[in-house]
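**Student:** Below is the sequence, then the predicted model.
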Amino acid sequence: MNIAILSRNPQLYSTQSLFRACRRRGHYVRVIDHMRCQLAILNGSKYIQYQGEILKHIDAVIPRIGSSVTKPGAAVLRQFELQNILSAITTTGLLNARDKLRSLQILSSHKIETVDTIQPELNYRADKIIQLLGGLPVVVKLSEGTHGTGVMLADSKNGLITILETFHNLDQKVLVQKFIKEARGQDLRAIVVNGEVVASMKRKAQPGEFRSNLHRGGTAIHIKLDSSEQKAAIDAANALKLGVAGVDLLQSKNGPLVLEVNPSPGLEGIETITKVDVAGKIVEFLESKIDAHRTLADMIS
């Protein structure tokens, strides 16, 4: 197959891991910076130009589109889809997961347990938000963001007001979420590929920090999820229409809660901790999509 990895930085661990996985399985692969693609619709035909050439003969793409460029990245991915080029994740899945509120709305509609969340209105009442979320502290996070960026803990009413006013003045939409005390600064990260949990780990925040992200100094160990945790992760990925997803779960007294879902999960931490070739699993999934697509095409013809 001729595979394109959509990535702005070919030297990133995740990009390199996927590149190597493609090569090991005998595929031609190249890295394309989606922010340097020129899109054209001419006489009803769709084209993607990159580095002075029209991209042709691509069988499939693996998107690694960061949250800061979701919308332009999604436009490029959609252009590939309109050319009947298959993708490890769809434009719909990417957009569903990137917007945290939209993601939670979809998960809730599928009866998947999530962390209690409020998107404050302009004339919000901080005391009412705190009451609805079960008391202090509460977590405030940007509607779009990764690696724990834009996530803060408010442990007082005045603190919550200050944080919300700051984000409002920056014209940033935020969510306020219930703080799950029993999680004790720990969460679970599951990588779901084609409806299966292929790797999982437990992350723990460093002392004095409540965010467990490895980018924030957290530590991790390899664990196997129990059946309820696996089901929650798989159901979340399926609900958001993601063939590949990183699903973050919190262990609460009422069972696993989906915290958020990442459509382009980093591979370095999970591959290093679990020793699982996650990139290889993603390429295998892409191969199965291509095979199914070709079989259907043959049947139709």
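**Tutor:** Perfect, I can see it now. Numbers count the residues shown, from 1 in each chain.
**Student:** Identify the residues contacting Lys275.
**Tutor:** Residues near Lys275 by C-beta atoms under 8 Å, 6 or more residues apart in numbering: His222. For every residue, glycine as well, the C-beta is placed using N, CA and C.
**Student:** Could you measure from it over to His222?
**Tutor:** 8 Å (C-beta to C-beta, to the nearest Å).
**Student:** ok, now Leu188?
**Tutor:** Distance, Leu188 to His222, using C-beta to C-beta: 11 Å.
**Student:** So which of the two has more stuff around it?
**Tutor:** Using other C-beta atoms under 10 Å, the more surrounded residue of Leu188 and His222 is Leu188, with 24 against 14.
**Student:** in what helix or strand does that one lie?
**Tutor:** strand 186-193 (DSSP states H and E).
**Student:** What's the first helix or strand after that strand?
**Tutor:** By DSSP H and E, the next helix or strand past strand 186-193 is strand 196-204.
**Student:** Which secondary structure elements does that following strand sit against?
**Tutor:** Applying 3 or more C-beta pairs under 8 Å, 6 or more residues apart in numbering; DSSP states H and E, one finds that strand 196-204 contacts strand 186-193, strand 219-222, helix 227-239, helix 268-274, helix 278-300.
**Student:** Redo the ones you listed as CSV? Include mean pLDDT.
**Tutor:** As requested, these are exported to CSV (pLDDT from 0 to 100):
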stretch, mean pLDDT
strand 186-193, 97
strand 219-222, 94
helix 227-239, 98
helix 268-274, 97
helix 278-300, 85
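**Student:** State the phi and psi torsions of the residue nearest the centre of the chain.
**Tutor:** Nearest residue to the geometric centre of the chain (C-alpha atoms, centre = their mean): Asn262, 1.3 Å. Torsion angles at Asn262 (phi, psi; degrees, to the nearest 10) stand at phi -110, psi 120.
**Student:** who's in contact with it?
**Tutor:** Contacts of Asn262 by C-beta under 8 Å, 6+ apart are 97, 146, 245-248.
**Student:** Please report the confidence value the model assigns to it.
**Tutor:** At Asn262, the model reports a pLDDT of 96.
**Student:** Same check on Glu121?
**Tutor:** The model reports Glu121 with a pLDDT of 86.
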